[in-house]
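>>> got a predicted model here, sequence first, then my questions.
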Protein chains: 2
Amino acid sequence: MAGGLRGGIDLGGTKIQAVVVDAGNRVLGEARHPTPTAGGPRDVAGELVRAMEEAASAAGVPTAELEAVGVGAPGATDARAGTVTSAGNLPGWSGTFPLAQALAEPLGTRIVLGNDVQVATDAEAELGAAREFSSLLGVFWGTGVGGGVVLDGRPWVGRGAAGEIGHVVVKVGGARCPCGRRGCMEAYAGRRAMEDRARRRVEKGERTVLFDLMEHKGRTRLTSGIWARALERDDKLATELIDEALAALGAGVASACNVLDVECVVIGGGLGVRLGEPYAQRIAEAMRPHLFFEEMPVVRTAQLGDLGGAVGAALLARDARELAPA
Amino acid sequence: MAGGLRGGIDLGGTKIQAVVVDAGNRVLGEARHPTPTAGGPRDVAGELVRAMEEAASAAGVPTAELEAVGVGAPGATDARAGTVTSAGNLPGWSGTFPLAQALAEPLGTRIVLGNDVQVATDAEAELGAAREFSSLLGVFWGTGVGGGVVLDGRPWVGRGAAGEIGHVVVKVGGARCPCGRRGCMEAYAGRRAMEDRARRRVEKGERTVLFDLMEHKGRTRLTSGIWARALERDDKLATELIDEALAALGAGVASACNVLDVECVVIGGGLGVRLGEPYAQRIAEAMRPHLFFEEMPVVRTAQLGDLGGAVGAALLARDARELAPA
């Protein structure tokens, strides 16, 4: 053991972020690798190992001396079994894969799994934007719209998958969501859905700088940075689609708040972090007409930014000892 | 003290239900009085006293020998202060009234206040339809649509008013809700909103038995029984409005479940209890297309029926001793 150092890995659809933190949760080393786009779970696991080794090396510690490594993963995570199921954004990962086992041997330490969005919410609750509150809703506005819930200072995971804020219905019979359902908040506010809407409108003859910026940056997708630049240039189509997203976020987040009555809403995710506090406040404004209570919850941008998921995973490594496979 | 007997009062917009229960929560006596429609909080408090005295008399015990009396009230209840604020459905009750104090002297025992819908949810959790579950959402489908939340076996009240399921948005920019907002679930599913919709459609020339049944019963409002009878007669307008209500309930309750991921949904309230299990199952069917999870929560009708609120208030009298005014 190297004085209570722990590892944390955020396994996302586009990037793998690894950190090593000390007992006070300060980041001592970090590494970011692209998520493999081909192959299968074993290839992804191999990349997680390399990212963690690089972060540990930056912190000057072998991975085997880390107390534990937490992993925040998409899909359905089973902490006790150490498995991840149906991680749809990851290559060849429609089934169940024993991720904890696949990482434990090469890294030489205990592996603890959790849900990516929930651990990012936990990190904001303990170390980030919601430190002074005991109840919060984390809203991660990116490719999709994920959510995490902390109540009475503890994660609320329900039967295992609470916090699916992206699939709160904002319009019965409305737009088709990437999940296949209709009228979900994510159908209007998820970056993937917004890109689909932008493409359809361009095919109908509308003009926008969005795809020019994309090509200029050598990308194949509209990243959060591209949306931000198009907004800075007052691009009409981008502005309209973001306005629709904000309206959907306002209704969906207010709906969740009407049920949960939390003290704080933290807006994170690629778009949430890139667009920052002015857009968090626009979401708050869009919530107000739908909120049943006079007193608004505090609405803030995530403070841990891109590192939140990995730092949250490292918190998981501290808290969930009893759940770790031997 | 008469062997751990407690009182419970459900203060509703149309009726006051009082019960006396023993230590095992069996109902030993009950009384139901109409809620005063004129006057103010003092008149309502007087009627609560008379209903409680009648229930106690039926149980063969003076009210002063009750361990405590719980009251489930609408509006904003402050258990520590013993006050009820903005109980909009009650006459002259827009301000704050010290209800606990007003009842304590005439009844000669401790008074404990709680939210009407939350105590009814607690009763279903401990004694009713959700006994085997530790997390549930109570949906009270009546004049409005109220909700209560139990997580990890304990009421979740948030900043004080969690569970406002009726004001989950199901259609951005949709129908005007009695609360003044747009697109709330209650705008389609609340009995008051449904009656308004029925009246507007009749004014436009549509036919229905709803108002004939109302006049025949000597009522001035479409009660749950009238809706049930119109459905039994296959009344076209009633069927269409109930179908709209079910669609809204399906979307709104599924949205709440996507965030909370509770094990069980209990459908209570005037319409919920009157229409019963077949309609609870129709709500479950309407939820399915919007639920993000493969496994549905269990959806059931409230088992304690009309007595749930009063029995829940009596549970409050047991649990909340530290909150009671001296």
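Structure's in. What do you need? Residues are numbered from 1 along each chain as shown, chains lettered A, B, ... in the order given.

>>> what strand or helix carries the residue in the stretch 101-250 of chain A that chain B sits nearest to?
When scored by CB to the nearest CB, the stretch 101-250 of chain A has residue A:158 as its residue closest to chain B, at 2.5 Å. Just so you know, the C-beta spots here come from the backbone N, C-alpha and C atoms, and that holds for glycine as well. If you go by DSSP states H and E, residue A:158 is not part of any helix or strand.

>>> strands along the stretch 151-300 of chain A, start to end?
Assignment of strands within the stretch 151-300 of chain A using DSSP state E, counting those that start in this stretch yields the ranges A:154-155, A:264-268, A:298-301.

>>> same for the second one, what does it pack against?
Right, strand A:264-268. For strand A:264-268, the packing partners by 3 or more CB pairs under 8 Å, 6 or more residues apart in numbering or on different chains; DSSP states H and E come out as helix A:116-127, strand A:136-141, helix A:269-287, strand A:298-301.

>>> ok, 10 Å please
Other helices and strands packing on strand A:264-268, by 3 or more CB pairs under 10 Å, 6 or more residues apart in numbering or on different chains; DSSP states H and E, are helix A:116-127, strand A:136-141, strand A:145-151, helix A:236-260, helix A:269-287, strand A:298-301, helix A:308-319.

>>> go through those and pick out the most buried.
Most buried of the helices and strands packed on strand A:264-268, by mean neighbour count (mean count of other CB atoms under 10 Å in any protein chain shown): strand A:136-141, with a mean of 30.

>>> partner strands of that strand, with direction?
Strand pairing for strand A:136-141, using DSSP bridges, gives strand A:145-151 (antiparallel), strand A:264-268 (parallel).

>>> where among the strands of the stretch 151-300 of chain A is the average confidence lowest?
Ranked by mean pLDDT, these bottom out at strand A:154-155, which scores a mean of 93.

>>> that strand near chain B anywhere?
Yes: interface with chain B: strand A:154-155 contributes residue A:154 (CB under 10 Å from any CB of the partner chain).

>>> list the contacts of the closest residue to residue A:311 other than its chain neighbours.
Nearest residue to residue A:311, sequence neighbours excluded (CB to CB, 6 or more residues apart in numbering or on different chains): residue A:123, at 4.7 Å. Residue A:123 sits next to A:8, A:10, A:25, A:72, A:129-130, A:138, A:148, A:266, A:268, A:302-304, A:307-316 when contact means CB atoms under 10 Å, 6 or more residues apart in numbering or on different chains.

>>> hmm, try it at 7 Å
Residues in contact with residue A:123 (CB atoms under 7 Å, 6 or more residues apart in numbering or on different chains) are A:304, A:308, A:311, A:312, A:315.

>>> so what pLDDT did it get?
97.

>>> would you tell me which residues of the stretch 51-200 of chain A are close to chain B?
A:135, A:147, A:149, A:151, A:156, A:158-165, A:167-172, A:181 (CB under 7 Å from any CB of the partner chain).

>>> check the separation of the first and last residues in stretch A:185-192.
Terminal residues of stretch A:185-192 lie 12 Å apart, using CA to CA, to the nearest Å.

>>> now do that stretch: everything it contacts.
A:141-145, A:165-168, A:170, A:174-179, A:193, A:222, A:224, A:244-245, A:248-249, A:252, A:270-271.

>>> show me how chain A divides into domains.
If you go by automatic domain parsing, the domain ranges for chain A are A:6-120+A:307-323, A:131-303.

>>> redo those as JSON lines? Include distance to residue B:298.
Formatted as JSON lines, these follow (distance: least, CB to CB, whole Å):
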{"stretch": "domain A:6-120+A:307-323", "distance to residue B:298": "20"}
{"stretch": "domain A:131-303", "distance to residue B:298": "11"}
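
>>> to residue B:296, which of those lies closest?
Closest of these to residue B:296 is domain A:131-303, at 10.6 Å (criterion: CB to CB).
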